[in-house]
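Trainee: Quick one, what's the 3D model for this:
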Amino acid sequence: MVPDNSGVDLNGLDVVSMSVDYTAMITQQGVSAAAALRSYRSIIQPLMRAVIIESARAALDFEPDVLVAHPKILSAGLVADALSIPHIRVEIVPALTPTSAFPAAGTITRDLGRFNRSTYRLASAGEEMFRRDLKDVSRMVGSSTRSPTPPASTLMPISPALLHRPANWDDTVHMTGPWKLDGPEIVSPEVAEFMAEGNFVYAGFGSMAAGNPHARAREVIGGIRAAGFRGLLATGLGGLEVPSELRDDDILVTDAVAHAAVLPEAAAAVHHGGIGTVHAATAAGAVSVLVPFIADQPFWAERLREKGLAADPIPQRKLTADRLSAALGAAEDFRPRVRAAADTMAHEDGTGSALRIIEGLA
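Mentor: As a prediction, the model looks like this:
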């Protein structure tokens with residue numbers, strides 16, 4: 001199942017609308033934890049109810065041989081049990097499968113040693129917030145079981161080049177490498193022309209619409225120029241907003257770019273550290289300058305720092321032109337290890353590995 005609002009066929013997949021628009025939510029309230037708490041009853045709770053209930057209905061109607069679900073689909077285990085089929089959890093970031101090797105993504109960055117395992121209880125505690133919705137699903141499927149059967153397998157679309165697999169994870173946990181669609185990624189003629197002139201840094205913060213995007217753009221452009229580069233800035237959903245007085249021939253502003261087409265040509269990539277961008281930048285051999293905001297972003301910043309793939313991150317509230325210029329000036333120090341990681345990732349087949357595991361359980 002693919003949550004989507006279009007109701008159309010996508011690459012041969014049956015797309016089911018769950019009436020959930022994450023883009024609209026981010027545009028409306030931003031991405032801060034405080035905003036999420038303020039809007040819990042009005043936005044978050046109804047949104048999660050739609051995800052939990054509508055995904056359950058879709059699965060019951062479709063009657064699949066195996067159910068593959070993101071951890072936010074809290075009803076997946078209940079539905080799989082009702083259909084007597086295996087359930088596969090797709091853990092985009094390591095937040096639910098406990099280990100003492102590192103804390104759960106999205107909790108803390110400090111290594112607590114053997115106490116790291118306790119952070120995974122914090123990460124999974126959110127299920128209690130939606131107990132009523134899960135009871136409704138239990139009634140829908142005719143189940144009285146309080147705890148559903150654990151997933152038969154856990155897939156993590158994460159490259160071992162970025163994360164060392166903990167020894168305590170059992171054989172049902174698979175780090176497949178990132179999942180990618182085949183086919184070329186293209187850029188607009190304007191972006192292609194800008195890239196052809198070389199010596200540019202990519203900067204983009206995706207959906208991180210938090211703080212003052214004008215002030216952030218001012219610091220980013222100042223840091224790029226001070227380090228002697230041109231800048232390709234992607235505004236995303238509001239992470240950057242570039243005032244007209246900062247624009248010149250050395251700065252190109254666009255809403256989004258195809259990472260696979262742009263990042264191999266960039267001198268460095270300044271970004272928030274979401275797992276998608278981390279994978280894209282590393283696979284392209286681009287040194288990341290990480291400016292984490294929330295959730296799993298500090299986790300990935302710490303992993304890259306540990307592996308010698310990036311310098312210490314710059315917290316988004318402490319981003320200045322001077323800090324960014326210094327980080328860009330040191331980017332070449334990390335180039336050899338980033339290129340070695342890119343070589344490793346080039347031989348990964350995350351999509352194929354995941355499909356083989358799914359087919360083995362179907």
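
Trainee: Check the secondary structure at the closest residue to Thr351 other than its chain neighbours for me.
Mentor: By the measure of CB to CB, 6 or more residues apart in numbering, the closest residue to Thr351 outside its immediate chain neighbours is Trp179, 4.6 Å from it. Just so you know, the C-beta spots here come from the backbone N, C-alpha and C atoms, and that holds for glycine as well. Under the three-state scheme (DSSP: H, G, I helix; E, B strand; the rest coil), Trp179 adopts coil.

Trainee: can I assume Gly231 sits in a helix?
Mentor: No - residue assignment for Gly231, taken from three-state DSSP, gives strand, which places it outside any helix.

Trainee: returning to what we had before: didn't the residue nearest to Thr351 look like it was pressed against Gly352?
Mentor: No - contact criterion CB atoms under 8 Å: Trp179 and Gly352 do not qualify, at 9.4 Å.

Trainee: tell me which element Tyr202 is part of?
Mentor: Using DSSP states H and E, Tyr202 falls within strand 200-204.

Trainee: again, but for Thr344
Mentor: Secondary structure from DSSP H and E places Thr344 in helix 335-346.

Trainee: did I read that right, Val289 in a strand?
Mentor: Yes - Val289 forms part of a strand when assessed by three-state DSSP.

Trainee: and it, how far is that from Gly204?
Mentor: 12 Å (CB to CB, to the nearest Å).

Trainee: Who has more neighbours out of the two?
Mentor: Taking Val289 and Gly204 together and counting by other CB atoms under 10 Å, Val289 has the greater number of neighbours (30 against 24).

Trainee: need the contact list for that one.
Mentor: Residues near Val289 by CB atoms under 8 Å, 6 or more residues apart in numbering: Ala268, Ala269, Val270, His271, Ala310, Ala311, Ile314, Leu324, Ala327, Leu328, Ala331.

Trainee: Okay, and the beta partners of it?
Mentor: For Val289, the beta-bridge partners under DSSP bridges are Val270.

Trainee: where do the contact lists of Val289 and Gly204 overlap?
Mentor: Val270, His271.

Trainee: So what touches the host helix or strand of Leu155?
Mentor: Following DSSP H and E, one finds Leu155 within strand 153-156. Residues from elsewhere that reach strand 153-156, judged by CB under 8 Å, 6+ apart: 68, 86, 88-92, 94, 96-97, 172-176, 354, 357-358, 361.

Trainee: Recalculate using a threshold of 6 Å.
Mentor: Around strand 153-156, the neighbours that count as contacts under CB atoms under 6 Å, 6 or more residues apart in numbering are Ile88, Arg89, Val90, Glu91, Thr97, Thr172, Val173, His174, Met175, Thr176, Ala354, Ile357.

Trainee: Pull out the buried residues from those.
Mentor: Using 16 or more other CB atoms under 10 Å as the burial test, the contacts of strand 153-156 include Ile88, Arg89, Val90, Glu91, Thr97, Val173, His174, Met175, Thr176, Ala354, Ile357 as buried.

Trainee: Helix or strand: which one has the last one?
Mentor: To tie it back to what came earlier, the one meant is Ile357. Going by DSSP H and E, Ile357 is part of helix 350-361.

Trainee: how about a markdown table for the contacts of strand 153-156, with pLDDT and secondary structure added?
Mentor: Compiled in a markdown table, the contacts of strand 153-156 are given as follows (pLDDT from 0 to 100; DSSP: H, G, I helix; E, B strand; the rest coil):
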| residue | pLDDT | secondary structure |
| --- | --- | --- |
| Ile88 | 98 | strand |
| Arg89 | 97 | strand |
| Val90 | 97 | strand |
| Glu91 | 96 | coil |
| Thr97 | 96 | coil |
| Thr172 | 97 | coil |
| Val173 | 98 | strand |
| His174 | 98 | strand |
| Met175 | 97 | strand |
| Thr176 | 97 | coil |
| Ala354 | 97 | helix |
| Ile357 | 96 | helix |
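
Trainee: Break this protein down into its domains, please.
Mentor: The chain resolves into domains spanning 2-156, 189-346 when parsed by automatic domain parsing.

Trainee: TSV please, covering the ones you listed and showing distance to Gly183.
Mentor: Below are the domains of the chain laid out as TSV (distance: least, CB to CB, whole Å):
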stretch	distance to Gly183
domain 2-156	10
domain 189-346	10
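
Trainee: Just give me the lowest mean pLDDT stretch among the ones you listed.
Mentor: Taking each of the domains of the chain in turn, the one with the lowest mean pLDDT is domain 2-156, at a mean of 80.

Trainee: How about the contacts made by Ala217?
Mentor: Under the criterion of CB under 6 Å, 6+ apart, the contact partners of Ala217 comprise Leu240, Glu241, Val242.

Trainee: can you rerun that using 10 Å?
Mentor: By CB atoms under 10 Å, 6 or more residues apart in numbering, the contact set of Ala217 is 203, 205, 231, 233, 235, 239-243, 246-247, 251, 253.
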